[in-house]
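[1] 3D model of this:
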Amino acid sequence: MNTVEAGKRITPSNVLFATDFSPNSDLALPYAAAIASHYAAKLYGAHVVSSEDYSFTAPDLWPAYVEQEQQLQREVVQRMDRHFGGTPHTALFGIGDIWNVIARFIREYSIDLLVVGTHGRTGTRKLLAGSIAERILRQAACPVFSVGPNVCPKSESQVQFHRILFATNFGHESLAALPYALSFAEEDQSELVLLHVVGQPAAGIANAGQVKSALAERLEALVPPEAEPWCHVTCGIEFGHEFARPAERIVDVARQREADLIVLGAHAADSAISTVTHLSHSTVQHILAHASCPVLTVRSS
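    Numbering: from 1, shown residues only. You can find the predicted model right below:
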């Protein structure tokens, strides 16, 4: 799923669900299955054990760890069979640096969408927490579909995207995600909410009404004419608040609009995670930790 032109249908062919077998990871299972099923994509389920757990193992204990590895691999297969049923899938298992192994899977299996469940906390070696989460969101060579801890559990049949929120600052990095927002909206004939958050309060801006009107026109211009028959577009301009970060405004608007998906653009791999969209440090972590719907992040090329 490389960056594409707005209006072009995006069809993922290979979906990777990465799990650490935690309840938060389980929240993402139905989304991975539903997306793969909808697009007739091949589904992969991956579990990676950190090499740190094996670094100082005494030689006489190696057979036990080999058995543990084999057992974990069997568990991966069983979980995928149980949760994905008849959906075509392949179980992947590895030991090593968690992100490096996942990155290798992405390359080897031509993954164009990575689905993960987030924990909303740091300080552990869980799959999507702390530094591992940052590396996934900064370096993944494909879009990342994240399901946070505040997303209500859903079955595969309940996964639909009736209302999609796309947040942008009109920059190249954030606009790289627009085709994905449009394509997801087309699939479910969804309402697409385009959102721009102004960093300062309206009270501190001269002619704030005119500024808001001009920004709304810029948002409307982002949608190609061919999208009009199948996509109902609404635009929102939000001004900052001295007690609320822009990330909080995105989460609030998503909740108020009852969004089923938030779509954000991101800088290229060498940039810090804080550069995702146009917002301040830890924006993505805050949105993932507090959003009541999944978040799709798309890096620019």
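[2] Let me see the ranges of the strands in the stretch 201-301 of the chain.
    Taking DSSP state E, counting those that start in this stretch, the strands of the stretch 201-301 of the chain run over residues 232-239, 261-266, 295-299.
[3] Quick check: which helices or strands does the shortest one pack against?
    Here strand 295-299 is seen to pack against strand 144-147, helix 178-188, strand 261-266, helix 283-290 when contacts are counted using 3 or more CB pairs under 8 Å, 6 or more residues apart in numbering; DSSP states H and E. Every residue, glycine included, has its C-beta placed from N, CA and C.
[4] Go through those and name the closest to residue 195.
    Residue 195 sits nearest to strand 261-266 of all these, at 9.1 Å, using CB to CB.
[5] Pairing partners for the closest one, with directions?
    Using DSSP bridges, the strands paired with strand 261-266 are strand 163-167 (parallel), strand 295-299 (parallel).
[6] shaky segments in the stretch 201-301 of the chain?
    Low-confidence segments of the stretch 201-301 of the chain (pLDDT under 70): 203, 242-244, 267-282, 301.
[7] Verify the contact between residue 173 and residue 298 for me.
    No: the pair residue 173 / residue 298 is not scored as a contact, 9.0 Å apart, by CB atoms under 8 Å.
[8] When the two are compared, which one has more neighbours?
    residue 298 (26 against 21; other CB atoms under 10 Å).
[9] Find the nearest non-adjacent residue to the more buried one, please.
    Among residues not flanking residue 298 along the chain, residue 177 sits closest, at 3.8 Å (CB to CB, 6 or more residues apart in numbering).
[10] Just give me the neighbour total for the residue nearest to residue 38 when sequence neighbours are not counted.
    Of all residues not flanking residue 38 in the chain, residue 187 sits nearest, at 6.9 Å (CB to CB, 6+ apart). Here the count is done by other CB under 10 Å, and residue 187 has 17 residues near it.
[11] so the residue nearest to residue 298 makes contact with residue 261?
    No: in this structure, residue 177 is not within contact of residue 261 by CB under 8 Å, at 11.2 Å.
[12] hey, what's in contact with both of the two?
    Residues touching both residue 177 and residue 261 (CB atoms under 8 Å, 6 or more residues apart in numbering) are residue 296.
[13] what touches both of residue 173 and residue 298?
    By CB under 8 Å, 6+ apart, the residues touching both residue 173 and residue 298 are 265, 266.
[14] what are the ranges of the helices in the stretch 101-250 of the chain?
    For the stretch 101-250 of the chain, applying DSSP state H, counting those that start in this stretch gives helices covering 130-139, 172-175, 178-188, 208-221, 246-256.
[15] Residue 69 and residue 47: what is the separation?
    11 Å (CB to CB, to the nearest Å).
[16] same check, this time on residue 175
    Taking CB to CB, one finds residue 175 at 35 Å from residue 47.
[17] And the helices of the stretch 101-250 of the chain: which comes nearest residue 118?
    Residue 118 lies closest to helix 130-139 among the helices of the stretch 101-250 of the chain, at 6.8 Å (CB to CB).
[18] which strands and helices sit next to the closest one?
    Packing contacts for helix 130-139, counted by 3+ CB pairs under 8 Å, 6+ apart, involve helix 98-108, strand 144-147, helix 283-290.
[19] ok, now with 6 Å
    helix 98-108 (3 or more CB pairs under 6 Å, 6 or more residues apart in numbering; DSSP states H and E).
[20] sorry, back to before: mind pulling the model confidence for the residue nearest to residue 38?
    For residue 187, the pLDDT comes out at 86.
[21] What of residue 174?
    84.
[22] burial measure for it, as a count.
    Residues near residue 174, counting by other CB under 10 Å: 24.
[23] How about residue 71?
    Residues near residue 71, counting by other CB under 10 Å: 10.
[24] do residue 265 as well
    Residue 265, neighbours per other CB under 10 Å, totals 27.
[25] Thought residue 174 was touching it, still the case?
    Yes: counting by CB atoms under 6 Å, residue 265 touches residue 174, with 3.5 Å between them.
[26] hang on, the earlier thing: compile the strands of the stretch 201-301 of the chain into TSV and extend it with columns for distance to residue 104.
    Formatted as TSV, those follow (distance: least, CB to CB, whole Å):
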stretch	distance to residue 104
strand 232-239	39
strand 261-266	21
strand 295-299	18
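[27] Most tightly packed of those?
    Stretch with highest mean neighbour count among the strands of the stretch 201-301 of the chain: strand 261-266 (a mean of 27; mean count of other CB atoms under 10 Å).
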